[in-house]
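Visitor: Got a sequence here, can you build the structure:
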Amino acid sequence: QAIIDAANERGGKDNITIAILTAPEYAGALGKTQERELPVPASAERVAAQSASPAYDSRWWALVAVVMLLLAAAAALQYWRLSKEARLLSLLLKQPRVLRVSPHLGAIGQALAAARPGDLVLVGAGEYRESLVLRDGVTVSAEALGAAVLASPGPVAVLARGLTTARLQGLRIQPASEARLETGILAQGAAIELDQVEITGALSAAVHLDPTSQATIHSAFIHDNPGTGIRGDSGAWMSMATSVLMANGLASRIPALEWKSASPELTGNAFGNNGAPLPLGAERGSVCARNLCSDLPPPRPRNSLRQE
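Guide: The predicted structure follows:
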């Protein structure tokens, strides 16, 4: 009490005065106070124990890894299934098809419009009054040689434009009644193959290749065209074998072959009774050694496309 009274006299009742007792008898109480620990909540103890436990961490991350692996496996399986279906669908779409046409079952042009590269448009016997625009990678073939007649009502019977490959086989091309057919087959920037095709009645040219076109012709029968048989502009390329060109350009006295660039590759062909001799110049001897060049009509070939 004496110590408290002395503190009040020194600092007054409104101030806070700290009295430190250093007597030996108070040492035990002071030591007990310093050694006392604050209580720790139970939840904090659990968190600390869990965070400090390596077994708990390894189990947690193992579970996460298993879940991620299962999700990845499911995604990979789904992707494989979709990819397999897509591959099968792609193979089905790429399979070549045969599109059949007859005078009673639609036009050739309709089948061409529906065709894909690799397809075959098979044309039944009969007359088709239409003009055609060939499709890239599509073959148009007569079911029977010379039995399908393309009677063109327009100036161009068959147009091939910007094609890497197209094939025409076994058709007879002629003008429709009272129509003016200027060109039988016109190629513009296209590569075409003509196999056993018959062309007649063209006023300008049975076949016309522009400077960026090329043609491979086998066993064609090009005859009785008022214009030339085949015209190739400067830069065009052609290989022709076992074909017959006769009675072309008679009225205008022009040859069956008009070629403005290097001479085409000609083997086993017959040229006869056309409006003028072939303009081959110095190459005439070598060309006629590999082909029949005659002012007289050669005998009609056995595989003539015209049905007698």
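Visitor: okay, now Leu150: neighbour count?
Guide: Neighbour count for Leu150, taken as other Cβ atoms under 10 Å: 27. (Each C-beta comes from the backbone N, C-alpha and C, glycine too.)
Visitor: Report pLDDT for it.
Guide: pLDDT for Leu150: 98.
Visitor: What's opposite it in the beta bridge?
Guide: Tyr128, Ile173 (DSSP bridges).
Visitor: show me the contacts for it.
Guide: Ile108, Tyr128, Glu130, Leu132, Ala157, Val158, Leu171, Arg172, Ile173, Gln174 (Cβ atoms under 8 Å, 6 or more residues apart in numbering).
Visitor: which one among those gets closest to Ser234?
Guide: Distance to Ser234 across the contacts of Leu150 (Cβ to Cβ) is lowest for Val158, with 22.4 Å.
Visitor: The closest one belongs to a strand, doesn't it?
Guide: Yes: checked against DSSP: H, G, I helix; E, B strand; the rest coil, Val158 lies within a strand.
Visitor: so what's it up against?
Guide: Ser131, Leu132, Val133, Leu134, Leu150, Ser152, Leu168, Ile173, Gly184, Ile185, Leu186 are the contacts of Val158 under Cβ under 8 Å, 6+ apart.
Visitor: can you check Val156 too?
Guide: Val156 neighbours (Cβ under 8 Å, 6+ apart): Ser131, Leu181, Glu182, Thr183, Leu186.
Visitor: How many residues are close by the last one?
Guide: Under the neighbour criterion other Cβ under 10 Å, Leu186 is assigned a count of 23.
Visitor: so what's the spatially most central residue of the chain up against?
Guide: Centroid check for the chain by Cα atoms, centre = their mean gives Pro117 as the closest residue, at 8.5 Å. The contact partners of Pro117, by Cβ under 8 Å, 6+ apart, come to Arg135, Asp136, Gly137, Val138.
Visitor: who wins for neighbours among those residues?
Guide: Result: Val138 is most packed of the contacts of Pro117 (other Cβ under 10 Å), 22 neighbours.
Visitor: my read: it touches Leu112, true?
Guide: Yes: contact criterion Cβ atoms under 8 Å: Val138 and Leu112 qualify, at 6.5 Å.
Visitor: Which one of the contacts of Val156 sits in the busiest neighbourhood?
Guide: For the contacts of Val156, neighbours were counted using other Cβ under 10 Å, and Leu181 has the most, 27 neighbours in all.
Visitor: Skipping its backbone neighbours, what lies nearest it in space?
Guide: Excluding its sequence neighbours, the residue lying closest to Leu181 (Cβ to Cβ, 6 or more residues apart in numbering) is Pro175, at 3.5 Å.
Visitor: cool, Ser243 as well?
Guide: Nearest one to Ser243, counting by Cβ to Cβ, 6+ apart, is Ala220 at 4.2 Å.
Visitor: Was I right to think the one you found contacts Met246?
Guide: No: under the criterion of Cβ under 8 Å, Ala220 makes no contact with Met246, lying 11.5 Å away.
Visitor: These two: which is more packed in?
Guide: Ala220 (27 against 22).
Visitor: Now for that one: which residues touch it?
Guide: Leu194, Asp195, Gln196, Val197, Glu198, Ile199, Met240, Ser243, Val244.
Visitor: Just give the number of residues close to Ala270.
Guide: Ala270, neighbours per other Cβ under 10 Å, totals 18.
Visitor: That one touches Leu292, doesn't it?
Guide: Yes: look at Ala270 against Leu292 with Cβ under 8 Å: they come within range, at 4.2 Å.
Visitor: Show me where the protein dips below the pLDDT cut-off.
Guide: 1-57, 84-94, 280-282, 295-308 (pLDDT under 70).
Visitor: returning to that earlier point: need the residues touching each of Val138 and Leu112.
Guide: Val121.
Visitor: Name the residues of stretch 125-145 that are buried.
Guide: Residues of stretch 125-145 classed as buried under the neighbour-count rule (16 or more other Cβ atoms under 10 Å) are 128, 130-132, 134-142, 145.
Visitor: swap in stretch 228-247?
Guide: So for stretch 228-247, counting by 16+ other Cβ under 10 Å, buried means 228-233, 236-238, 240-247.
Visitor: Leu71 and Gln78, how far apart?
Guide: Between Leu71 and Gln78 the computed distance is 11 Å (Cβ to Cβ, to the nearest Å).
Visitor: just Leu292 next, same as before
Guide: Leu292 is 68 Å from Gln78, by Cβ to Cβ.
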